[in-house]
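*Asks:* Okay, structure incoming, though there's no sequence with it:
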């Protein structure tokens, strides 16, 4: 069965462009990834206001990607995503690794136009709820940006001003997805272009009504941070996410890093 056909079994919610694959990697693969991430040089970490991140694959610029090769330990997982999903027209060439403390999240945002409109997010460590909210328009940040805001803009694209909520959402409805450790979330097309996605800055997350609730509750292996009775998560450990994307325009050897 080809990758795209296999993905039909993992579609969740009313949108046909949201896929959730539980246990995409093994415990050993998660441990190896965490060891490599935590063993990266201190200089590889970029500290933002509410989290820190590592950038792999090069620098995403307005005109494309100033490319660097992914390390072998990252290429192993990106190749697996490519092979098992069949959604990317060429190999994934950019990975952002975000570390979230138990009370940290990320504001609602949309990934930028530099990327092919498919995102694959591999979750490690603590479970978390990701919220998708519809929008009818997005405005680029034209006011003076802080350095952290600039990092957000180039890494993720347009960011919603929380005070500028549109009520014209007749055809779209908000929804949430519970991201368990070792799972892979994929969203594309309308889920990519018509929704913002974000994570609340809270140690307690409720997963009652998430689009993949059945899939999570059917998992045999319990998670110590998840209460099935209360349908809630008490975040006590860090979460690491690998946001894997394809930048279509690539510029090589323009700079030495």
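*Replies:* Perfect, I can see it now. Fair warning: this is a prediction, and the values are worked out from it, not measured in the lab.
*Asks:* Poorly predicted segments of the stretch 1-150 of the chain, please.
*Replies:* 1-4, 136-150 (pLDDT under 70).
*Asks:* 80 - rerun?
*Replies:* Scanning the stretch 1-150 of the chain for pLDDT under 80 picks out 1-5, 62-63, 135-150.
*Asks:* Which stretches in it count as strands?
*Replies:* 18-21, 45-47, 52-56, 58-61, 64-67, 94-100, 106-109, 118-125, 128-134 (DSSP state E, counting those that start in this stretch).
*Asks:* buried ones in the longest one?
*Replies:* Read that as strand 118-125. Within strand 118-125, the residues that count as buried by 16 or more other Cβ atoms under 10 Å are 118-125. To be clear about C-beta, it is placed using only N, CA and C from the backbone, and glycine gets the same treatment.
*Asks:* Switch those residues over to TSV, and while doing so, append distance to residue 10 to every line.
*Replies:* TSV is the format used below for the buried residues of strand 118-125 (distance: Cβ to Cβ, whole Å):
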residue	distance to residue 10
118	14
119	15
120	12
121	14
122	14
123	15
124	19
125	21
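*Asks:* coming back round to it: wait, which of the strands of the stretch 1-150 of the chain is closest to residue 232?
*Replies:* Ranking those by proximity to residue 232 (Cβ to Cβ) places strand 128-134 first, at 9.5 Å.
*Asks:* Show me what that closest one pairs with in its sheet, parallel or antiparallel.
*Replies:* Strand pairing for strand 128-134, using DSSP bridges, gives strand 175-179 (antiparallel), strand 195-199 (antiparallel).
*Asks:* next one: the first one to chain centre, how far?
*Replies:* Between the centre of strand 175-179 and the centre of its chain there are 12 Å (Cα atoms, centre = their mean, to the nearest Å).
*Asks:* which residues are in contact with it?
*Replies:* By Cβ atoms under 8 Å, 6 or more residues apart in numbering, the residues outside strand 175-179 that reach it are 12-15, 18, 20, 121, 123, 127-132, 185, 207, 209-213, 216, 233, 241.
*Asks:* Report the rounded mean pLDDT for it.
*Replies:* Average pLDDT, strand 175-179: 97.
*Asks:* Report the angle between it and strand 118-125.
*Replies:* 50 degrees (axes from the mean of the first three to the mean of the last three Cα atoms, to 10 degrees).
*Asks:* re the thing from before, any idea which of the strands paired with strand 128-134 is most buried?
*Replies:* The highest mean neighbour count among the strands paired with strand 128-134, using mean count of other Cβ atoms under 10 Å, belongs to strand 175-179: a mean of 25.
*Asks:* Beyond that strand, next helix or strand please.
*Replies:* Using DSSP states H and E, the helix or strand that follows strand 175-179 in sequence is strand 184-188.
*Asks:* average model confidence for that next one?
*Replies:* For strand 184-188, the per-residue pLDDT averages 96.
*Asks:* Contacts for the helix or strand just after that strand next, please.
*Replies:* Using DSSP H and E, the helix or strand that follows strand 184-188 in sequence is helix 189-193. Contact with helix 189-193 is made by 15, 17-18, 110-111, 117-119, 132, as judged by Cβ under 8 Å, 6+ apart.
*Asks:* which residues does residue 116 contact?
*Replies:* Contact analysis of residue 116 by Cβ under 8 Å, 6+ apart lists 88-89, 245-248.
*Asks:* try 7 Å this time
*Replies:* Contacts for residue 116 (Cβ atoms under 7 Å, 6 or more residues apart in numbering) come out as 88-89, 246, 248.
*Asks:* now swap in residue 211 and tell me
*Replies:* Neighbours of residue 211 in contact, by Cβ under 7 Å, 6+ apart: 12-13, 18, 175, 177.
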